[in-house]
Structures are given as C-alpha cells and as structure tokens.
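A.B. asks: let me see the structure of the following:
(4 chains)
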There are 2 protein chains.
Amino acid sequence: MKRRTTPAQTAILDLLKSSGSALSQDMIEQKMKGETDRVTIYRVLNRFCEDGLTHRIVSDDGKSYFALCHGCQGNHHTHDHFHFRCLTCQKVECLSEKVQVSLPQGYRATNVNAWVSGYCAGCI
Amino acid sequence: MKRRTTPAQTAILDLLKSSGSALSQDMIEQKMKGETDRVTIYRVLNRFCEDGLTHRIVSDDGKSYFALCHGCQGNHHTHDHFHFRCLTCQKVECLSEKVQVSLPQGYRATNVNAWVSGYCAGCI
DNA sequence: GTTATTATTGCAACAATGTTGCATTAGTTG
DNA sequence: CAACTAATGCAACATTGTTGCAATAATAAC
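C.D. replies: Next up, the predicted model:
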C-alpha cells in the first residue's frame, strides 16, 4: 500500500508545520474552513501517526492532539515529554522536559501521556 | 443544597473504597449489574468531585476515571501524581510519585494529568 | 496521452462517552 | 404524617471518533 500525495494531506501537514503546535481535528477543520471532510482529516492524521510523521496525545479536554515528530527517528518513538494546554487560547505545546517516573516493581511502561494545563505567557 | 444519602451513592462509594483503584463509569455500571442508571452514576461521580471526595483523571483511552482523595484536605486539591493504567487488566492506580515539571517563563499551571500505561506486575 | 490500478475521499451511519431537561421518586426536616 | 426538594430514571442531545461503500483521483504502465 503505497502512499499518494493529495491536497488534503499536504494542507494538513503544512498547517502542523506552520502552527508549530499540536492541533486537534476540529482546529484543523476550522483552519481549512470546511473544505475537507471531518473523516478525511481523521484519516490523514491517523496515517501520519502510522508513518511516524506525527504523534498523538490525548488531552484532558477529551480530544486527541497531533504534533509533528522532531526528536524521534524511524520506529523508535518516545513521546515522553510533557504537553501544555492553554485554557484561554487553546494552544497546545510540546514542552522540552522529559517525563521521568519510576514504576512499582515488575511494572512495564509502554506509553506516557503527560499534560499540564493552565495559562500561557500571553494569556495570563 | 444539602446532600442526601441514597443507595446509589453509598454503593458507588463502597465500590471505590473496596477496589482501591480508580474506576470509570462503565466499570461501576458493570459492577452494579445495571441496577443504577448510567446518568445517575455520572451525576454521583461528579457530585463526589464537587465535594472533594474524589478526583477525576482523564485517561488516554478517552474515559474519565475517578479515584478517592487521600492526600488532600479541604479545598486545597493537588492531584499531581502519576497514574498507571494496565492495558491487560484495565486497572488504574494512583502512583505515589508526584509530577514535577518546570514551565516556560510566565506560564501558570492549574491542572496536571499524567498517565503511564503498560502492564502491571500481575499481567506482564 | 491514454488506460488500468487502487489509494484516497466524501457521505451516511454508527459507537462510545458524557451532559441536560423533565417528570417521578424518595430522603430529610418539622 | 406532611412539606420540601435532592436524587433518580428516561429520553434526547452533543461531541469525538470510527467504519462501510461508492465515487474520485493519484500513480504506474503502456
């Protein structure tokens, strides 16, 4: 199954690149002014995740956010950094700080999902 | 608005106490074998949160989990510890380790939601 | 450039989680 | 016991996300 280049995909990828933050499906739909179907946006985003282009983080607002992968290459994805969500401007940022947590004896971690919400410098 | 003691509330509180872990609405519904309405369970859980009896944590499985408050008293709620969710047995535990993260200059945090998912000692 | 192949899209429908309105039930107080 | 009203159950709705399927459109082959 070889990938094809389509307007929707390049548009969504450009949005992720230019925004510099993590975006949710509804944010992308808004920015695209409804030119692309809801379902297509979801499918494109899921494809990006499969291809290792983005990573998905589930926020405490009940939505998934998608952010471009920068640190991780190939199939060794470690999205173990904190994310910040501003309650005013809704912007979601990847923080540089890595999550460090020690588990009880015998536990094995496969995924980390760490959020801080509050107000960013511009919205305080 | 004074609270009243009802069978549903005491049953749900007992479940939370005896389980020793965080429970979601559907877990509670299952354990109560459908004797209590879905909506009632949600309302009871929300009331518990309002009253400071429980805290809510939103997991990356898209559900809210509710756990009894132990460490925090009065209106000074700081649920800033990590949570672990076992992908096999579905159990959700509060870990003792506090979340420590330094935000960019000028940012203010109001809430923390930190998850580790994987396999617990019994399910490895 | 034309054709064949099939990945991608759009639409409808569905599933899961969670909330709200409203009439009924049932704790609590006097 | 009676009055008050918090709590419940049901229906309906909102939001987020997925799946099936026919139509569309990239890509490859000629």
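
A.B. asks: can you point out the buried residues in stretch A:97-108?
C.D. replies: A:97, A:99, A:101, A:103, A:107 (16 or more other C-beta atoms under 10 Å in any protein chain shown). Yep, even glycine has a C-beta here, placed from its N, CA and C like the rest.

A.B. asks: enumerate the residues of chain A near DNA strand D.
C.D. replies: A:2, A:4-7, A:24-26, A:38-39, A:42-43, A:46, A:58, A:62-64 (C-beta under 7 Å from any atom of the strand).

A.B. asks: mind redoing it with 6 Å?
C.D. replies: A:4-7, A:24-26, A:39, A:42, A:46, A:62-64 (C-beta under 6 Å from any atom of the strand).

A.B. asks: residues touching stretch A:38-48, excluding its own?
C.D. replies: Contacts to stretch A:38-48, defined as C-beta atoms under 8 Å, 6 or more residues apart in numbering or on different chains, come from residues A:3, A:8-9, A:12-13, A:25, A:28-29, A:32, A:54, A:56, A:64, A:66.

A.B. asks: same question for stretch A:13-30.
C.D. replies: A:12, A:31-32, A:36, A:38, A:41-42, A:45, A:48, A:53-54, A:57, A:59, A:63-68, A:83, A:90-94.

A.B. asks: buried ones only from these, please, as a PyMOL command.
C.D. replies: Buried residues within the contacts of stretch A:13-30, by 16+ other C-beta under 10 Å, are selected in PyMOL with:
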select buried, chain A and resi 12+32+36+41+45+48+54+57+59+64+65+66+67+68+83+91+92+93+94
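
A.B. asks: in strands, which of the contacts of stretch A:13-30 appear?
C.D. replies: Judged by DSSP state E, the contacts of stretch A:13-30 include A:54, A:57, A:64-68, A:83, A:92-94 as members of strands.

A.B. asks: which pair in the residues you listed spans the largest distance?
C.D. replies: By the measure C-beta to C-beta, A:Ser64 and A:Glu93 form the most distant pair in the ones in strands among the contacts of stretch A:13-30, at 15.7 Å.

A.B. asks: how close does the residue nearest to the spatial centre of chain A sit to A:Asp80?
C.D. replies: Against the mean C-alpha coordinate of chain A, by C-alpha atoms, centre = their mean, the closest residue is A:Phe66 at 2.0 Å. Using C-beta to C-beta, to the nearest Å, one gets 17 Å for the distance from A:Phe66 to A:Asp80.

A.B. asks: list the buried ones in the lengthiest strand in chain A?
C.D. replies: In chain A, ranked by residue count with DSSP E as the criterion, the top strand is strand A:108-119. For strand A:108-119, a neighbour-count test (16+ other C-beta under 10 Å) marks A:112-119 as buried.
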